[in-house]
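*Asks:* Model the following, please.
(chains A and B)
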Amino acid sequence: MKIEKPGLTLYGLCIVMALLASAALLLGVAVSSILLLLLIYAALAYSINFITGMMGYVDFGHVLFMAIGSYALATLVSYYGANPLLGVGLGALLGLVFALGIGLVILRFRGVYFAIATVVLVLAAYNIVLQFPQLGAGGEIIFNLTFQPLATYFTIWTIVLIEIVLTYYVNRSRIGFGIRAIKNEEDAASSVGVSPRTLKLTGYMLGGLFGGAAGAVYAWSISGVTAGPAFDFTFSLLMLAMIIIGGVGTSIGPLLGAVVVYIPSYFLLTTVAQAQPLMIGLLVIIMALFLPDGIVGLLRRSNQRLRLVLE
Amino acid sequence: MPFLEAHNVSKNFGGVQALKDVSLDLPESAVLGLIGPNGSGKSTLLNVIAGVEKPTSGIVKLDGKRIDNLRTNRIIRYGLAKTHQIPKPFSNMTARENLAVAVLYGRRNIHSPRFALEEADRILSMVRMGSRKDALADSLTVQEKKRLELARAIATGASILLLDEVFAGLSPEELKDSIQLFKKLHEELHCSALVVEHVMRAVLSLSQKVMVLEEGRVIATGSPDEIVHDEKVIQAYLGSKNPAT
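*Replies:* Model (predicted):
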(Lines give C-alpha, C1' and ligand atoms only; values in the text may rest on other atoms or scores of the structure.)
Protein backbone atom coordinates (compact mmCIF):
# COMPACT_ATOMS: atom_id res chain seq x y z
CA MET A 1 0.00 0.00 0.00
CA LYS A 2 1.22 3.43 -0.90
CA ILE A 3 1.43 5.71 2.12
CA GLU A 4 0.23 9.21 1.32
CA LYS A 5 1.85 12.29 2.75
CA PRO A 6 0.25 13.08 6.12
CA GLY A 7 -1.77 16.26 6.50
CA LEU A 8 -2.03 18.93 9.16
CA THR A 9 -4.48 16.95 11.29
CA LEU A 10 -1.92 14.26 12.01
CA TYR A 11 0.83 16.79 12.74
CA GLY A 12 -1.53 18.61 15.10
CA LEU A 13 -2.47 15.44 16.93
CA CYS A 14 1.20 14.48 17.25
CA ILE A 15 1.97 17.88 18.80
CA VAL A 16 -0.84 17.40 21.32
CA MET A 17 0.54 13.96 22.16
CA ALA A 18 4.04 15.39 22.57
CA LEU A 19 2.63 18.02 24.95
CA LEU A 20 0.85 15.32 26.94
CA ALA A 21 4.11 13.38 27.21
CA SER A 22 6.14 16.34 28.38
CA ALA A 23 3.43 17.46 30.81
CA ALA A 24 3.67 14.12 32.59
CA LEU A 25 7.46 14.25 32.68
CA LEU A 26 7.72 17.86 33.83
CA LEU A 27 4.71 18.49 36.03
CA GLY A 28 4.86 15.44 38.22
CA VAL A 29 2.59 12.80 39.61
CA ALA A 30 -0.45 14.90 40.48
CA VAL A 31 -0.89 16.19 36.94
CA SER A 32 -0.05 12.90 35.28
CA SER A 33 -2.67 11.06 37.31
CA ILE A 34 -5.30 13.51 36.05
CA LEU A 35 -4.07 13.12 32.50
CA LEU A 36 -3.84 9.34 32.87
CA LEU A 37 -7.61 8.96 33.12
CA LEU A 38 -8.07 11.40 30.25
CA LEU A 39 -5.84 9.22 28.08
CA ILE A 40 -7.73 6.08 29.13
CA TYR A 41 -10.95 7.80 28.06
CA ALA A 42 -9.34 8.80 24.77
CA ALA A 43 -8.11 5.24 24.16
CA LEU A 44 -11.63 3.93 24.74
CA ALA A 45 -13.12 6.59 22.48
CA TYR A 46 -10.74 5.70 19.64
CA SER A 47 -11.47 2.00 20.11
CA ILE A 48 -15.25 2.41 19.77
CA ASN A 49 -14.63 4.83 16.91
CA PHE A 50 -13.46 1.88 14.77
CA ILE A 51 -16.88 0.27 15.19
CA THR A 52 -19.56 2.91 15.75
CA GLY A 53 -17.69 5.90 14.37
CA MET A 54 -16.40 4.44 11.13
CA MET A 55 -18.91 1.69 10.32
CA GLY A 56 -22.01 3.20 11.91
CA TYR A 57 -22.76 0.03 13.90
CA VAL A 58 -23.91 1.38 17.26
CA ASP A 59 -22.14 -0.62 19.95
CA PHE A 60 -23.84 -0.26 23.34
CA GLY A 61 -21.73 -3.07 24.74
CA HIS A 62 -18.23 -1.88 24.14
CA VAL A 63 -17.54 -2.02 27.88
CA LEU A 64 -17.34 -5.79 27.31
CA PHE A 65 -13.91 -5.47 25.68
CA MET A 66 -12.80 -3.12 28.40
CA ALA A 67 -13.83 -5.73 31.00
CA ILE A 68 -12.06 -8.50 29.08
CA GLY A 69 -8.86 -6.45 29.17
CA SER A 70 -9.32 -5.60 32.86
CA TYR A 71 -9.78 -9.24 33.83
CA ALA A 72 -6.89 -10.37 31.65
CA LEU A 73 -4.47 -8.01 33.39
CA ALA A 74 -5.87 -8.52 36.88
CA THR A 75 -5.70 -12.31 36.59
CA LEU A 76 -2.22 -12.35 35.14
CA VAL A 77 -0.80 -9.91 37.66
CA SER A 78 -2.53 -11.11 40.82
CA TYR A 79 -2.25 -14.90 40.28
CA TYR A 80 0.96 -15.17 38.30
CA GLY A 81 2.75 -12.04 39.45
CA ALA A 82 3.38 -11.12 35.84
CA ASN A 83 4.59 -7.75 34.59
CA PRO A 84 1.53 -5.51 33.98
CA LEU A 85 2.76 -4.82 30.47
CA LEU A 86 2.23 -8.51 29.72
CA GLY A 87 -1.26 -8.07 31.10
CA VAL A 88 -1.91 -5.20 28.67
CA GLY A 89 -0.66 -7.40 25.84
CA LEU A 90 -2.92 -10.25 26.92
CA GLY A 91 -5.87 -7.84 27.30
CA ALA A 92 -5.37 -6.61 23.75
CA LEU A 93 -4.99 -10.15 22.41
CA LEU A 94 -8.10 -11.44 24.20
CA GLY A 95 -10.05 -8.36 23.06
CA LEU A 96 -9.06 -9.21 19.49
CA VAL A 97 -9.91 -12.91 19.79
CA PHE A 98 -13.27 -12.28 21.46
CA ALA A 99 -14.11 -9.62 18.87
CA LEU A 100 -13.38 -12.16 16.13
CA GLY A 101 -15.65 -14.79 17.66
CA ILE A 102 -18.44 -12.41 18.64
CA GLY A 103 -18.17 -10.39 15.45
CA LEU A 104 -18.64 -13.44 13.24
CA VAL A 105 -22.07 -13.85 14.81
CA ILE A 106 -23.42 -10.40 15.67
CA LEU A 107 -22.18 -8.49 12.62
CA ARG A 108 -24.85 -10.39 10.70
CA PHE A 109 -27.36 -8.13 12.46
CA ARG A 110 -27.91 -4.58 11.38
CA GLY A 111 -29.20 -1.42 12.97
CA VAL A 112 -31.16 -1.76 16.17
CA TYR A 113 -30.77 -5.56 16.18
CA PHE A 114 -27.01 -5.21 16.33
CA ALA A 115 -27.32 -2.64 19.11
CA ILE A 116 -29.56 -4.94 21.17
CA ALA A 117 -27.20 -7.87 20.65
CA THR A 118 -24.30 -5.83 22.04
CA VAL A 119 -26.30 -4.99 25.19
CA VAL A 120 -27.29 -8.63 25.74
CA LEU A 121 -23.68 -9.76 25.35
CA VAL A 122 -22.56 -7.61 28.26
CA LEU A 123 -25.30 -9.01 30.50
CA ALA A 124 -24.33 -12.55 29.49
CA ALA A 125 -20.63 -11.92 30.09
CA TYR A 126 -21.32 -10.41 33.50
CA ASN A 127 -23.32 -13.46 34.55
CA ILE A 128 -20.62 -15.79 33.27
CA VAL A 129 -17.98 -13.97 35.32
CA LEU A 130 -20.16 -14.36 38.43
CA GLN A 131 -19.86 -18.14 38.09
CA PHE A 132 -16.07 -18.28 38.18
CA PRO A 133 -14.27 -18.13 41.54
CA GLN A 134 -11.02 -17.64 39.57
CA LEU A 135 -12.44 -14.35 38.26
CA GLY A 136 -13.51 -13.22 41.70
CA ALA A 137 -17.02 -14.71 41.39
CA GLY A 138 -18.58 -11.28 41.24
CA GLY A 139 -16.29 -9.87 43.88
CA GLU A 140 -13.04 -8.22 43.17
CA ILE A 141 -9.50 -9.11 42.22
CA ILE A 142 -7.03 -6.78 43.84
CA PHE A 143 -3.30 -6.73 43.40
CA ASN A 144 -0.52 -4.78 44.99
CA LEU A 145 1.99 -3.21 42.70
CA THR A 146 4.57 -0.67 43.60
CA PHE A 147 3.26 2.75 42.59
CA GLN A 148 4.40 3.27 39.00
CA PRO A 149 2.49 6.21 37.57
CA LEU A 150 4.84 6.91 34.67
CA ALA A 151 4.85 3.31 33.42
CA THR A 152 1.05 3.25 33.36
CA TYR A 153 0.93 6.69 31.85
CA PHE A 154 3.29 5.97 28.99
CA THR A 155 1.64 2.64 28.24
CA ILE A 156 -1.73 4.28 27.63
CA TRP A 157 -0.02 7.19 25.89
CA THR A 158 1.55 4.74 23.43
CA ILE A 159 -1.77 2.99 22.88
CA VAL A 160 -3.52 6.29 22.09
CA LEU A 161 -0.72 7.31 19.74
CA ILE A 162 -1.01 4.02 17.85
CA GLU A 163 -4.79 4.44 17.67
CA ILE A 164 -4.49 7.97 16.30
CA VAL A 165 -2.04 7.01 13.57
CA LEU A 166 -4.03 3.90 12.68
CA THR A 167 -7.34 5.78 12.54
CA TYR A 168 -5.76 8.42 10.37
CA TYR A 169 -4.31 5.99 7.85
CA VAL A 170 -7.30 3.64 7.82
CA ASN A 171 -9.52 6.61 6.96
CA ARG A 172 -7.29 7.57 4.06
CA SER A 173 -6.71 4.07 2.75
CA ARG A 174 -8.64 1.72 0.50
CA ILE A 175 -10.11 0.07 3.60
CA GLY A 176 -11.40 3.46 4.78
CA PHE A 177 -13.24 4.02 1.50
CA GLY A 178 -14.80 0.57 1.81
CA ILE A 179 -15.83 1.07 5.43
CA ARG A 180 -17.37 4.49 4.68
CA ALA A 181 -19.30 2.92 1.81
CA ILE A 182 -20.66 0.27 4.19
CA LYS A 183 -21.66 2.94 6.68
CA ASN A 184 -23.52 4.85 3.97
CA GLU A 185 -25.28 2.02 2.15
CA GLU A 186 -24.21 -1.51 2.89
CA ASP A 187 -26.03 -3.22 0.00
CA ALA A 188 -24.74 -0.74 -2.54
CA ALA A 189 -21.24 -1.29 -1.16
CA SER A 190 -21.36 -4.99 -1.92
CA SER A 191 -22.83 -4.23 -5.33
CA VAL A 192 -19.58 -2.48 -6.28
CA GLY A 193 -17.35 -5.24 -4.94
CA VAL A 194 -16.83 -4.33 -1.28
CA SER A 195 -16.99 -7.34 1.02
CA PRO A 196 -18.93 -6.02 4.04
CA ARG A 197 -18.31 -9.18 6.04
CA THR A 198 -14.52 -8.90 5.92
CA LEU A 199 -14.34 -5.15 6.44
CA LYS A 200 -16.85 -5.08 9.28
CA LEU A 201 -14.98 -7.86 11.04
CA THR A 202 -11.72 -5.94 10.59
CA GLY A 203 -13.21 -2.81 12.18
CA TYR A 204 -14.81 -4.76 14.99
CA MET A 205 -11.56 -6.57 15.76
CA LEU A 206 -9.64 -3.30 15.92
CA GLY A 207 -12.27 -2.05 18.35
CA GLY A 208 -11.89 -5.19 20.47
CA LEU A 209 -8.10 -5.06 20.43
CA PHE A 210 -7.84 -1.46 21.63
CA GLY A 211 -10.83 -1.75 23.96
CA GLY A 212 -9.07 -4.68 25.64
CA ALA A 213 -5.78 -2.82 25.88
CA ALA A 214 -7.43 0.28 27.37
CA GLY A 215 -9.39 -1.84 29.84
CA ALA A 216 -6.19 -3.55 30.97
CA VAL A 217 -4.51 -0.20 31.62
CA TYR A 218 -7.60 0.94 33.50
CA ALA A 219 -7.38 -2.10 35.82
CA TRP A 220 -3.67 -1.40 36.22
CA SER A 221 -4.36 2.21 37.19
CA ILE A 222 -6.90 1.27 39.87
CA SER A 223 -4.96 -1.85 40.99
CA GLY A 224 -7.75 -4.31 40.43
CA VAL A 225 -11.08 -5.14 38.92
CA THR A 226 -14.55 -5.43 40.43
CA ALA A 227 -17.32 -7.28 38.59
CA GLY A 228 -20.09 -4.67 38.86
CA PRO A 229 -18.19 -1.55 37.83
CA ALA A 230 -16.19 -3.47 35.21
CA PHE A 231 -19.37 -4.15 33.25
CA ASP A 232 -20.97 -0.80 34.03
CA PHE A 233 -23.26 0.31 31.21
CA THR A 234 -22.24 3.91 31.92
CA PHE A 235 -18.82 3.26 30.36
CA SER A 236 -20.39 2.15 27.09
CA LEU A 237 -22.52 5.27 27.07
CA LEU A 238 -19.59 7.53 27.90
CA MET A 239 -17.61 6.10 25.00
CA LEU A 240 -20.51 6.68 22.63
CA ALA A 241 -20.97 10.19 24.01
CA MET A 242 -17.31 10.99 23.42
CA ILE A 243 -17.33 10.11 19.73
CA ILE A 244 -20.72 11.71 19.12
CA ILE A 245 -19.58 14.94 20.75
CA GLY A 246 -16.16 14.90 19.08
CA GLY A 247 -17.17 13.78 15.62
CA VAL A 248 -17.82 10.19 14.56
CA GLY A 249 -15.31 8.39 12.39
CA THR A 250 -12.73 11.19 12.37
CA SER A 251 -9.15 11.01 13.66
CA ILE A 252 -9.43 14.10 15.80
CA GLY A 253 -12.98 13.73 17.11
CA PRO A 254 -12.43 11.01 19.75
CA LEU A 255 -9.70 13.05 21.45
CA LEU A 256 -11.84 16.21 21.44
CA GLY A 257 -14.79 14.23 22.77
CA ALA A 258 -12.68 12.64 25.50
CA VAL A 259 -11.58 16.08 26.69
CA VAL A 260 -15.13 17.45 26.66
CA VAL A 261 -16.56 14.48 28.54
CA TYR A 262 -13.67 14.00 30.94
CA ILE A 263 -12.90 17.48 32.21
CA PRO A 264 -16.36 18.35 33.58
CA SER A 265 -16.74 14.83 34.97
CA TYR A 266 -13.43 15.24 36.82
CA PHE A 267 -14.52 18.41 38.53
CA LEU A 268 -18.10 17.33 39.14
CA LEU A 269 -17.05 14.05 40.70
CA THR A 270 -15.87 15.88 43.79
CA THR A 271 -18.98 18.05 44.07
CA VAL A 272 -22.14 16.68 42.49
CA ALA A 273 -21.32 13.24 41.06
CA GLN A 274 -24.92 12.58 40.02
CA ALA A 275 -24.90 15.61 37.74
CA GLN A 276 -22.27 14.10 35.46
CA PRO A 277 -24.42 11.59 33.49
CA LEU A 278 -27.21 14.16 33.39
CA MET A 279 -24.99 16.82 31.85
CA ILE A 280 -23.40 14.47 29.36
CA GLY A 281 -26.78 13.08 28.39
CA LEU A 282 -28.07 16.58 27.79
CA LEU A 283 -25.00 17.46 25.75
CA VAL A 284 -25.40 14.35 23.57
CA ILE A 285 -29.06 15.17 22.90
CA ILE A 286 -28.17 18.73 21.92
CA MET A 287 -25.34 17.51 19.69
CA ALA A 288 -27.51 14.86 18.03
CA LEU A 289 -30.20 17.44 17.31
CA PHE A 290 -28.10 20.33 16.10
CA LEU A 291 -24.59 19.06 15.35
CA PRO A 292 -24.78 15.46 14.17
CA ASP A 293 -21.14 15.56 12.98
CA GLY A 294 -19.94 16.74 16.39
CA ILE A 295 -17.36 19.40 17.10
CA VAL A 296 -15.34 18.42 14.03
CA GLY A 297 -18.41 18.93 11.84
CA LEU A 298 -19.03 22.32 13.41
CA LEU A 299 -15.45 23.44 12.81
CA ARG A 300 -15.53 22.14 9.25
CA ARG A 301 -18.66 24.09 8.44
CA SER A 302 -17.41 27.26 10.07
CA ASN A 303 -14.33 27.63 7.92
CA GLN A 304 -13.48 26.54 4.37
CA ARG A 305 -9.82 25.98 5.22
CA LEU A 306 -10.68 23.84 8.24
CA ARG A 307 -12.99 21.79 6.05
CA LEU A 308 -10.07 20.70 3.94
CA VAL A 309 -7.64 20.20 6.80
CA LEU A 310 -9.65 18.48 9.54
CA GLU A 311 -9.78 14.71 9.19
CA MET B 1 -19.99 -17.84 -28.03
CA PRO B 2 -22.40 -15.95 -25.73
CA PHE B 3 -20.77 -13.96 -22.96
CA LEU B 4 -23.55 -13.98 -20.38
CA GLU B 5 -25.99 -16.88 -20.45
CA ALA B 6 -28.85 -18.00 -18.24
CA HIS B 7 -30.48 -21.40 -18.57
CA ASN B 8 -33.90 -22.29 -17.20
CA VAL B 9 -33.69 -19.90 -14.28
CA SER B 10 -36.57 -20.13 -11.81
CA LYS B 11 -37.06 -18.20 -8.61
CA ASN B 12 -39.68 -18.79 -5.95
CA PHE B 13 -40.50 -16.48 -3.09
CA GLY B 14 -42.50 -18.68 -0.73
CA GLY B 15 -45.43 -19.81 -2.85
CA VAL B 16 -44.97 -17.15 -5.50
CA GLN B 17 -43.09 -18.14 -8.61
CA ALA B 18 -41.39 -14.93 -9.71
CA LEU B 19 -39.41 -16.49 -12.56
CA LYS B 20 -40.27 -19.61 -14.52
CA ASP B 21 -37.67 -21.26 -16.75
CA VAL B 22 -36.16 -18.06 -18.08
CA SER B 23 -33.25 -18.43 -20.46
CA LEU B 24 -31.28 -15.72 -22.20
CA ASP B 25 -27.95 -14.99 -23.74
CA LEU B 26 -26.17 -11.72 -24.09
CA PRO B 27 -23.32 -11.75 -26.63
CA GLU B 28 -20.33 -9.46 -26.34
CA SER B 29 -21.12 -5.74 -26.75
CA ALA B 30 -24.81 -6.38 -27.38
CA VAL B 31 -27.71 -4.58 -25.74
CA LEU B 32 -30.67 -6.69 -24.72
CA GLY B 33 -33.82 -4.92 -23.63
CA LEU B 34 -36.03 -6.50 -21.01
CA ILE B 35 -39.61 -5.29 -20.78
CA GLY B 36 -42.83 -6.46 -19.21
CA PRO B 37 -45.70 -5.26 -17.07
CA ASN B 38 -45.23 -4.47 -13.38
CA GLY B 39 -44.43 -7.54 -11.33
CA SER B 40 -43.43 -9.61 -14.35
CA GLY B 41 -40.06 -10.51 -12.80
CA LYS B 42 -37.69 -8.14 -14.59
CA SER B 43 -35.95 -6.86 -11.48
CA THR B 44 -35.88 -10.34 -9.97
CA LEU B 45 -34.10 -11.62 -13.06
CA LEU B 46 -31.46 -8.90 -12.77
CA ASN B 47 -31.06 -9.63 -9.06
CA VAL B 48 -30.57 -13.34 -9.73
CA ILE B 49 -27.97 -12.67 -12.41
CA ALA B 50 -26.11 -10.14 -10.25
CA GLY B 51 -26.04 -12.51 -7.27
CA VAL B 52 -28.33 -10.45 -5.04
CA GLU B 53 -30.76 -13.40 -5.00
CA LYS B 54 -29.96 -17.07 -5.49
CA PRO B 55 -32.00 -18.82 -8.20
CA THR B 56 -34.26 -21.63 -6.97
CA SER B 57 -33.13 -23.62 -9.99
CA GLY B 58 -31.25 -22.99 -13.20
CA ILE B 59 -27.78 -21.87 -14.18
CA VAL B 60 -26.16 -18.49 -14.85
CA LYS B 61 -22.81 -18.47 -16.63
CA LEU B 62 -20.41 -15.70 -17.41
CA ASP B 63 -17.75 -16.48 -20.01
CA GLY B 64 -18.55 -20.16 -19.49
CA LYS B 65 -18.06 -20.04 -15.71
CA ARG B 66 -20.98 -20.54 -13.36
CA ILE B 67 -21.74 -17.49 -11.25
CA ASP B 68 -25.12 -18.40 -9.80
CA ASN B 69 -23.59 -19.57 -6.52
CA LEU B 70 -21.45 -16.47 -6.00
CA ARG B 71 -22.23 -13.39 -3.91
CA THR B 72 -22.55 -9.97 -5.55
CA ASN B 73 -19.18 -8.71 -4.41
CA ARG B 74 -17.48 -11.75 -6.00
CA ILE B 75 -19.40 -11.44 -9.25
CA ILE B 76 -18.04 -7.89 -9.63
CA ARG B 77 -14.60 -9.48 -10.14
CA TYR B 78 -15.94 -11.25 -13.22
CA GLY B 79 -16.90 -7.92 -14.76
CA LEU B 80 -20.62 -7.73 -14.19
CA ALA B 81 -22.27 -4.84 -12.34
CA LYS B 82 -25.86 -3.84 -11.66
CA THR B 83 -27.44 -0.47 -10.96
CA HIS B 84 -30.24 -0.08 -8.44
CA GLN B 85 -33.74 0.76 -9.52
CA ILE B 86 -33.94 3.29 -6.69
CA PRO B 87 -30.51 4.96 -6.64
CA LYS B 88 -28.44 3.94 -3.63
CA PRO B 89 -25.60 6.43 -3.54
CA PHE B 90 -23.16 6.63 -0.64
CA SER B 91 -24.98 9.76 0.53
CA ASN B 92 -22.35 11.30 2.78
CA MET B 93 -19.56 10.87 0.27
CA THR B 94 -18.86 13.11 -2.71
CA ALA B 95 -19.62 11.98 -6.24
CA ARG B 96 -15.96 11.25 -6.93
CA GLU B 97 -15.62 9.31 -3.68
CA ASN B 98 -18.65 7.25 -4.66
CA LEU B 99 -16.90 6.22 -7.85
CA ALA B 100 -13.55 5.78 -6.12
CA VAL B 101 -15.04 3.02 -3.96
CA ALA B 102 -16.12 1.21 -7.12
CA VAL B 103 -12.70 1.64 -8.72
CA LEU B 104 -10.89 0.39 -5.59
CA TYR B 105 -13.05 -2.67 -5.01
CA GLY B 106 -14.14 -3.39 -8.58
CA ARG B 107 -12.72 -5.71 -11.19
CA ARG B 108 -9.29 -4.12 -11.30
CA ASN B 109 -8.75 -4.28 -7.56
CA ILE B 110 -6.85 -1.00 -7.27
CA HIS B 111 -5.03 -0.21 -4.02
CA SER B 112 -4.17 3.47 -4.34
CA PRO B 113 -6.99 5.84 -3.33
CA ARG B 114 -5.24 8.66 -5.18
CA PHE B 115 -5.32 6.74 -8.45
CA ALA B 116 -8.92 5.70 -7.79
CA LEU B 117 -9.96 9.33 -7.34
CA GLU B 118 -8.29 10.29 -10.62
CA GLU B 119 -10.12 7.46 -12.36
CA ALA B 120 -13.34 8.63 -10.72
CA ASP B 121 -12.85 12.14 -12.14
CA ARG B 122 -12.24 10.70 -15.60
CA ILE B 123 -15.43 8.62 -15.50
CA LEU B 124 -17.45 11.53 -14.08
CA SER B 125 -16.49 13.75 -16.99
CA MET B 126 -17.32 10.88 -19.33
CA VAL B 127 -20.90 10.92 -18.02
CA ARG B 128 -20.83 14.75 -18.09
CA MET B 129 -20.87 15.16 -14.33
CA GLY B 130 -17.36 16.54 -14.03
CA SER B 131 -18.60 19.81 -12.55
CA ARG B 132 -20.40 17.96 -9.74
CA LYS B 133 -17.50 15.80 -8.62
CA ASP B 134 -17.11 17.42 -5.20
CA ALA B 135 -20.84 17.56 -4.43
CA LEU B 136 -22.14 15.25 -1.72
CA ALA B 137 -24.14 12.47 -3.36
CA ASP B 138 -27.04 13.39 -1.11
CA SER B 139 -27.28 16.84 -2.68
CA LEU B 140 -27.55 15.58 -6.27
CA THR B 141 -30.78 15.79 -8.28
CA VAL B 142 -32.71 12.63 -9.17
CA GLN B 143 -31.26 12.61 -12.66
CA GLU B 144 -27.74 13.09 -11.31
CA LYS B 145 -28.23 10.29 -8.81
CA LYS B 146 -29.37 7.98 -11.59
CA ARG B 147 -26.35 8.96 -13.61
CA LEU B 148 -24.12 8.40 -10.61
CA GLU B 149 -25.52 4.85 -10.35
CA LEU B 150 -24.57 4.26 -13.97
CA ALA B 151 -21.15 5.83 -13.52
CA ARG B 152 -20.47 3.78 -10.42
CA ALA B 153 -21.32 0.58 -12.25
CA ILE B 154 -18.95 1.61 -15.05
CA ALA B 155 -16.27 2.48 -12.50
CA THR B 156 -16.19 -1.12 -11.26
CA GLY B 157 -14.61 -1.91 -14.63
CA ALA B 158 -17.56 -4.07 -15.64
CA SER B 159 -17.92 -5.24 -19.23
CA ILE B 160 -21.53 -6.27 -18.64
CA LEU B 161 -23.94 -3.74 -17.17
CA LEU B 162 -27.34 -4.64 -15.78
CA LEU B 163 -29.33 -1.43 -15.82
CA ASP B 164 -32.51 -1.34 -13.79
CA GLU B 165 -34.69 1.53 -15.00
CA VAL B 166 -31.96 4.13 -15.33
CA PHE B 167 -34.18 6.13 -17.68
CA ALA B 168 -37.30 6.18 -15.51
CA GLY B 169 -38.63 9.42 -14.05
CA LEU B 170 -36.71 11.75 -16.36
CA SER B 171 -38.19 14.70 -18.22
CA PRO B 172 -38.36 14.35 -22.04
CA GLU B 173 -35.29 16.57 -22.37
CA GLU B 174 -33.31 14.61 -19.80
CA LEU B 175 -34.41 11.36 -21.41
CA LYS B 176 -33.14 12.41 -24.84
CA ASP B 177 -29.88 13.46 -23.29
CA SER B 178 -29.52 10.20 -21.36
CA ILE B 179 -30.23 8.01 -24.39
CA GLN B 180 -27.63 9.90 -26.38
CA LEU B 181 -25.12 9.56 -23.56
CA PHE B 182 -25.77 5.85 -23.21
CA LYS B 183 -25.19 5.27 -26.93
CA LYS B 184 -21.92 7.15 -26.72
CA LEU B 185 -20.79 5.22 -23.64
CA HIS B 186 -21.73 1.91 -25.21
CA GLU B 187 -19.56 2.74 -28.22
CA GLU B 188 -16.60 3.92 -26.16
CA LEU B 189 -16.61 1.15 -23.58
CA HIS B 190 -17.57 -1.81 -25.79
CA CYS B 191 -19.61 -3.18 -22.94
CA SER B 192 -22.76 -5.21 -23.22
CA ALA B 193 -25.90 -4.35 -21.32
CA LEU B 194 -29.10 -5.88 -20.11
CA VAL B 195 -31.55 -3.01 -19.87
CA VAL B 196 -34.74 -3.24 -17.84
CA GLU B 197 -36.95 -0.36 -18.80
CA HIS B 198 -40.50 0.90 -18.77
CA VAL B 199 -39.72 3.81 -21.04
CA MET B 200 -40.36 2.23 -24.44
CA ARG B 201 -38.70 4.99 -26.36
CA ALA B 202 -35.43 4.27 -24.57
CA VAL B 203 -35.53 0.52 -24.75
CA LEU B 204 -36.54 0.36 -28.39
CA SER B 205 -33.92 2.80 -29.59
CA LEU B 206 -31.06 1.22 -27.60
CA SER B 207 -31.53 -2.54 -27.87
CA GLN B 208 -30.71 -4.84 -30.75
CA LYS B 209 -32.94 -7.46 -29.21
CA VAL B 210 -35.85 -7.24 -26.78
CA MET B 211 -37.18 -9.88 -24.44
CA VAL B 212 -40.67 -9.66 -22.94
CA LEU B 213 -41.56 -11.13 -19.56
CA GLU B 214 -45.04 -11.74 -18.26
CA GLU B 215 -45.73 -13.36 -14.90
CA GLY B 216 -42.17 -14.64 -14.75
CA ARG B 217 -42.20 -16.26 -18.18
CA VAL B 218 -40.59 -15.18 -21.44
CA ILE B 219 -43.48 -14.58 -23.86
CA ALA B 220 -41.54 -13.09 -26.76
CA THR B 221 -38.02 -12.37 -27.97
CA GLY B 222 -37.07 -10.47 -31.07
CA SER B 223 -35.93 -7.24 -32.67
CA PRO B 224 -37.61 -4.07 -31.34
CA ASP B 225 -39.66 -3.92 -34.52
CA GLU B 226 -40.95 -7.47 -34.16
CA ILE B 227 -41.77 -6.94 -30.51
CA VAL B 228 -44.00 -3.91 -30.95
CA HIS B 229 -46.11 -5.86 -33.46
CA ASP B 230 -46.25 -9.10 -31.48
CA GLU B 231 -49.83 -10.14 -30.61
CA LYS B 232 -48.89 -11.67 -27.26
CA VAL B 233 -46.97 -8.59 -26.20
CA ILE B 234 -49.80 -6.25 -27.09
CA GLN B 235 -52.15 -8.50 -25.16
CA ALA B 236 -49.87 -8.53 -22.11
CA TYR B 237 -49.74 -4.77 -22.01
CA LEU B 238 -53.21 -3.78 -23.14
CA GLY B 239 -55.31 -6.85 -22.52
CA SER B 240 -57.08 -9.05 -25.08
CA LYS B 241 -58.93 -7.47 -28.02
CA ASN B 242 -61.85 -9.72 -27.31
CA PRO B 243 -62.71 -9.77 -23.59
CA ALA B 244 -64.64 -13.03 -23.98
CA THR B 245 -61.52 -15.13 -24.68
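*Asks:* What's the local residue count around the residue nearest to residue B:207 when sequence neighbours are not counted?
*Replies:* Once flanking residues are discounted, residue B:207 sits nearest to residue B:33: 3.4 Å by Cβ to Cβ, 6 or more residues apart in numbering or on different chains. To be clear about C-beta, it is placed using only N, CA and C from the backbone, and glycine gets the same treatment. For residue B:33, the neighbour count with other Cβ atoms under 10 Å in any protein chain shown is 23.
*Asks:* In contact with residue B:33, which residues?
*Replies:* By Cβ atoms under 8 Å, 6 or more residues apart in numbering or on different chains, the contact set of residue B:33 is B:195, B:197, B:203, B:204, B:206, B:207, B:209, B:210, B:211, B:224.
*Asks:* and residue A:155, how many neighbours?
*Replies:* 22.
*Asks:* quick one: it and chain B, what's the gap?
*Replies:* Distance, residue A:155 to chain B, by Cβ to the nearest Cβ, to the nearest Å: 33 Å.
*Asks:* close enough to count as contact, that residue and residue A:88?
*Replies:* Yes: with contact taken as Cβ atoms under 8 Å, residue A:155 and residue A:88 are classed as touching, separated by 5.9 Å.
*Asks:* returning to that earlier point: kindly indicate the member of the contacts of residue B:33 with the most neighbours.
*Replies:* Ranked by the number of neighbours (other Cβ under 10 Å), the contacts of residue B:33 place residue B:210 first, at 27 neighbours.
*Asks:* Tell me which stretches of the stretch 101-250 of chain A form strands.
*Replies:* With DSSP state E, counting those that start in this stretch as the criterion, the stretch 101-250 of chain A has strands at A:140-142, A:224-226.
*Asks:* Name every strand pairing with the first one and say which way it goes.
*Replies:* What it means is strand A:140-142. According to DSSP bridges, strand A:140-142 forms sheet pairs with strand A:224-226 (antiparallel).
*Asks:* Name the residues that touch the strand it pairs with?
*Replies:* A:67, A:70-71, A:73-74, A:78, A:136, A:139-143, A:219.
*Asks:* Quick one: which of those residues is the most crowded by neighbours?
*Replies:* If you count neighbours using other Cβ under 10 Å, the busiest of the contacts of strand A:224-226 is residue A:73, which has 32 neighbours.
*Asks:* which non-adjacent residue is nearest that residue?
*Replies:* residue A:87 (3.1 Å).
*Asks:* How many residues are close by the one you found?
*Replies:* By other Cβ under 10 Å, 27 other residues sit near residue A:87.
*Asks:* A helix includes it, no?
*Replies:* Yes: counting by DSSP: H, G, I helix; E, B strand; the rest coil, residue A:87 is located in a helix.
*Asks:* Look up how far chain A lies from the residue positioned nearest the centre of chain B.
*Replies:* Geometric centre of chain B, nearest residue: residue B:163, 1.6 Å, by Cα atoms, centre = their mean. To chain A, residue B:163 is 13 Å away according to Cβ to the nearest Cβ.
*Asks:* next one: residue B:88
*Replies:* Counting by Cβ to the nearest Cβ - residue B:88 and chain A are separated by 4 Å.
*Asks:* Does that residue touch residue A:188 like I think?
*Replies:* Yes: Residue B:88 lies in contact with residue A:188 (Cβ under 8 Å); the separation is 3.8 Å.
*Asks:* so what pLDDT did residue B:243 get?
*Replies:* Note for residue B:243: predicted pLDDT of 55.
*Asks:* now do residue B:43
*Replies:* Residue B:43 is assigned 91 on the pLDDT scale.
*Asks:* ditto for residue B:170
*Replies:* pLDDT, residue B:170: 83.
*Asks:* ok, now which ones touch it?
*Replies:* B:142, B:143, B:146, B:178, B:199.
*Asks:* To residue A:63, which of the strands of the stretch 101-250 of chain A lies closest?
*Replies:* Among these, strand A:224-226 comes nearest to residue A:63, with 12.3 Å by Cβ to Cβ.
*Asks:* Check which helix or strand residue 47 maps to.
*Replies:* By default, I'm working from chain A. Using DSSP states H and E, residue A:47 maps to helix A:29-48.
*Asks:* that's the wrong chain, I meant chain B
*Replies:* Per DSSP H and E: residue B:47 is located in helix B:42-50.
*Asks:* avg pLDDT for the helix or strand just after that helix?
*Replies:* Later in the chain than helix B:42-50, the nearest helix or strand by DSSP H and E is strand B:57-62. Strand B:57-62 shows a mean pLDDT of 92.
*Asks:* Nothing else from me, thank you.
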